[in-house]
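# can't give you the sequence, but here's the structure:
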Ligand code: M6P
Ligand code: ZN
């Protein structure tokens, strides 16, 4: 294939051109937020857009890299800040880099072995997600949270248990402040 250049709008997160655009609404994340009643209510009341993903697809082959931006809206479901679904890579021994471009957020990371980390992200924060670490971004600010990512094209996504029981900790607003609290669902895995 030939080398190429595309445009990334740092403010809006738009990749141009883009051949893989995904929108996730609250209804796509049923059961992932702790407050089931708040989820149901907000889903019925317009099903808010939570985030958009702009990816420039190239062949999903070993050796290739995918570039992707995410625009995560500001808001909460109950007390819990809007977040991405979060995933392990299907090919577990693959890493990823996230670079904060706009807004404020937090990267939650965990391993199957029970290690957990939370890294605050602001514009210019470059985070490195090593192989074997699941990753989820959370918007803890009051504006859109925009970040760029790059990862191996053959990595794939494994949502598995994360879709059912989430990460070890959840980010909720307590007295208006983002606060990490243990995830009550995690005892049930
Ligand atoms: C980043 C990358 C993508 C991912 C997206 C949304 O842009 O990691 O691979 O799809 O975030 O995250 P998720 O798929 O977990 O909802
Ligand atoms: Zn990933």
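That came through fine. Quick caveat: nothing in here was measured; it's all calculated off a predicted structure. Ligands and ions are numbered 1, 2, ... in the order given.

# Would you mind giving both backbone torsions of residue 184?
phi -60, psi -20 (degrees, to the nearest 10).

# now residue 44
phi -70, psi -30.

# State the number of residues packed around it.
10 (other Cβ atoms under 10 Å). In this view, the C-beta of every residue, glycine as well, is placed from N, C-alpha and C.

# Report the beta-bridge partners for residue 24.
residue 51 (DSSP bridges).

# Could I get the contacting residues of it?
Residues in contact with residue 24, defined by Cβ atoms under 8 Å, 6 or more residues apart in numbering, are 49-53, 84-85.

# helix/strand/coil for residue 37?
helix (DSSP: H, G, I helix; E, B strand; the rest coil).

# Could you show which parts of the chain are in contact with ligand 1?
Residues of the chain that fall close to ligand 1, judged by Cβ under 6 Å from any ligand atom: 53, 68, 70, 84-87, 96, 149, 157.

# What is the most widely separated pair among the contacts of residue 24?
49 and 85 (14.3 Å; Cβ to Cβ).

# Against ligand 1, how distant is residue 10?
15 Å (Cβ to the nearest ligand atom, to the nearest Å).

# How about residue 170?
As judged by Cβ to the nearest ligand atom, residue 170 and ligand 1 stand 15 Å apart.

# Contacts made by the helix or strand containing that residue with the rest, please.
For residue 170, the enclosing helix or strand under DSSP states H and E is strand 169-174. If you take Cβ under 8 Å, 6+ apart as the criterion, strand 169-174 is touched by 34, 76, 78-81, 83, 106, 108, 116, 118, 138, 140, 178-183.

# go with 6 Å
79-81, 106, 138, 178-183 (Cβ atoms under 6 Å, 6 or more residues apart in numbering).

# who does the helix or strand that it is followed by touch, helix- and strand-wise?
From strand 169-174 onward toward the C-terminus, using DSSP H and E, the following helix or strand is strand 177-182. Other elements packing on strand 177-182 under the criterion 3 or more Cβ pairs under 6 Å, 6 or more residues apart in numbering; DSSP states H and E are strand 169-174.

# Figure out how far the strand it packs on is from the centre of its chain.
15 Å (Cα atoms, centre = their mean, to the nearest Å).

# Buried residues in that strand, which are they?
By 16 or more other Cβ atoms under 10 Å, the buried positions in strand 169-174 come out as 169-172.

# Now do the buried residues in stretch 65-83.
66-74, 76-77, 79-83.

# and which of those residues is nearest to residue 16?
Closest to residue 16 out of the buried residues of stretch 65-83 is residue 69 (10.5 Å), distances taken as Cβ to Cβ.

# one step back: pLDDT added to the buried residues of strand 169-174, as a markdown table?
Listed next are the buried residues of strand 169-174 as a markdown table, based on pLDDT from 0 to 100:
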| residue | pLDDT |
| --- | --- |
| 169 | 98 |
| 170 | 97 |
| 171 | 98 |
| 172 | 98 |
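
# just checking, next helix/strand downstream of the helix or strand that residue 109 is a member of?
Following DSSP H and E, one finds residue 109 within strand 105-111. Once the chain leaves strand 105-111, the next helix or strand it forms, by DSSP H and E, is strand 116-121.
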